[in-house]
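Trainee: requesting a structural model of the entry that follows:
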Amino acid sequence: MLKVLVLVSGAGSNLRAFLEAAQAENYPARVVAVGADRPASGLEHANERGIPTFVVPFTDFENRESWGEALLEVIRSWQPDLVLLSGFMRLLPESVVDALSPRLVNTHPAYLPEFPGAHGVRDALAAGVRESGASLIVVDSGVDTGPIIAQERCPVHPNDTEETLHDRIKVIERELIVRCVRQIADNTINLRELKPA
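Mentor: This is a model prediction of the structure:
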């Protein structure tokens, strides 16, 4: 059974969908804990299911490195096989990435390498593209530059707003998370064998 720790920063809609999938008896992964970098409403999805939660507030530390050390210590205490960033909006220090990689994965609301960074949906709309997408990647020291685990396209409609497009992309992200974590658990996907993007 693959032990997964999830990090969130917000409402955790992708987390909720993953928790629902992971509760199935035949699903080969279990969420052992859910953490956040600030008080986040998404933690409630875990609390409702009796899954332990924790917060390591970024604002409690002098710098990103010291926050990262504290976060890594808590993560390691749960001994996860995989750490999933799901709507986690804080850039992890390189020391944390190095310690967890390649078993550190992140969703991104664009078809990478298109539109990396914090505003992938907004940037896609501003560029006037007809398609965007969603990606699941291994986190590396760059910004959305790690090896791609899986990705799918999503059409951009003429009347799309940032919210409507993001809502459709989230559906794809949830499917990618559920499918790929299953494949990581059964060794169909070997994260160590993925090539850099």
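Trainee: so who does the closest residue to T59 other than its chain neighbours touch?
Mentor: The shortest distance from T59 to any non-neighbouring residue, by C-beta to C-beta, 6 or more residues apart in numbering, is to R38 (7.5 Å). The way it works is simple: take the backbone N, C-alpha and C, and place the C-beta from them, glycine included. Contacts for R38 (C-beta atoms under 8 Å, 6 or more residues apart in numbering) come out as 9, 55, 57-59.
Trainee: and R38, what's its pLDDT?
Mentor: pLDDT recorded at R38 is 94.
Trainee: how near is it to S66?
Mentor: Look at R38 and S66: by C-beta to C-beta, to the nearest Å, they are 16 Å apart.
Trainee: helix or strand for the residue nearest to T59, which one?
Mentor: Using DSSP states H and E, R38 is not contained in any helix or strand.
Trainee: phi, psi for it please.
Mentor: phi -170, psi 160 (degrees, to the nearest 10).
Trainee: and A40, by the same measure?
Mentor: According to degrees, to the nearest 10, A40 has phi -130, psi 140.
Trainee: CA-only coordinates of stretch 43-59 in PDB, if you can.
Mentor: The C-alpha atoms that make up stretch 43-59 are tabulated as PDB, following Å, rounded to 0.1, in the frame of the first residue of the first chain:
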ATOM      1  CA  LEU A  43      -7.800  20.500   5.700                       C
ATOM      2  CA  GLU A  44     -11.400  19.900   6.600                       C
ATOM      3  CA  HIS A  45     -11.700  17.200   3.800                       C
ATOM      4  CA  ALA A  46      -9.100  15.200   5.700                       C
ATOM      5  CA  ASN A  47     -10.500  16.000   9.200                       C
ATOM      6  CA  GLU A  48     -14.000  14.700   8.100                       C
ATOM      7  CA  ARG A  49     -12.400  11.400   7.200                       C
ATOM      8  CA  GLY A  50     -10.300  11.100  10.300                       C
ATOM      9  CA  ILE A  51      -7.000  11.700   8.500                       C
ATOM     10  CA  PRO A  52      -4.400  13.600  10.500                       C
ATOM     11  CA  THR A  53      -3.600  17.200   9.400                       C
ATOM     12  CA  PHE A  54      -0.900  19.600  10.200                       C
ATOM     13  CA  VAL A  55       0.000  23.200   9.500                       C
ATOM     14  CA  VAL A  56       3.600  24.600   9.200                       C
ATOM     15  CA  PRO A  57       2.900  28.300   8.800                       C
ATOM     16  CA  PHE A  58       5.400  30.000   6.500                       C
ATOM     17  CA  THR A  59       4.900  33.300   8.500                       C
END
